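# Below: sequence and its predicted model.
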Amino acid sequence: QVQLVESGGGLVQAGGALRLSCAASGRTFSDYAMGWFRQAPGNERELISAISRSGRRTYYRDSVQGRFTISRDNAKNTMYLQMSSLKPEDTAVYYCAGRTDYFGTGYYLRDHDYSYWGQGTQVTVSS
């Protein structure tokens, strides 16, 4: 199985930017479709972006479209989430998730599609 570790969270002012990283170890990273989720207090966990094994296909929820960019570097076993124009409503714990997808070319949108999860990293956006 793969182990996932997020980093890059922190406190930022509204309008600022952060880049989250998700480092994978244990298996061939390019075998995994990946996603970024977030959960704010009192809210359900939600998918914000997903990426295929190759990185060619990506998905964004409407609320982050145009502000966040997901990417991956399979040679470095790392996925990224570049976040810009951050808003207070982006405040949440951010999780990376992965699932094996040996023969797939797409991405996955539901949290129960994913088998592996990181521990989360806090992002706080002040107004």
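Received the coordinates, thanks. Residues are numbered from 1 along each chain as shown.
# Could you use CA atoms for every contact and neighbour count after this?
Will do.
# Could you measure from the residue positioned nearest the centre of the chain over to Ser127?
Nearest to the mean C-alpha position of the chain, counting by C-alpha atoms, centre = their mean, stands Trp36 at 2.2 Å. Computed with C-alpha to C-alpha, to the nearest Å, the distance linking Trp36 and Ser127 is 23 Å.
# what do you get for Gly16?
Distance of Gly16 to Ser127, given as C-alpha to C-alpha: 10 Å.
# how about the strands of this structure, start to end?
With DSSP state E as the criterion, the chain has strands at 3-7, 10-13, 18-25, 32-39, 46-51, 58-60, 68-73, 78-83, 92-100, 116-117, 121-126.
# what angle sits between the fourth one and strand 92-100?
In other words, strand 32-39. 160 degrees (axes from the mean of the first three to the mean of the last three C-alpha atoms, to 10 degrees).
# what does strand 32-39 contact?
45-53, 79, 81, 92-102, 106-108 (C-alpha atoms under 8 Å, 6 or more residues apart in numbering).
# picking that back up, in contact with the residue nearest to the residue nearest to the centre of the chain when sequence neighbours are not counted, which residues?
Nearest residue to Trp36, sequence neighbours excluded (C-alpha to C-alpha, 6 or more residues apart in numbering): Cys96, at 4.6 Å. By C-alpha under 8 Å, 6+ apart, the contact list for Cys96 reads Leu4, Val5, Glu6, Cys22, Met34, Gly35, Trp36, Phe37, Trp117, Gly118, Gly120.
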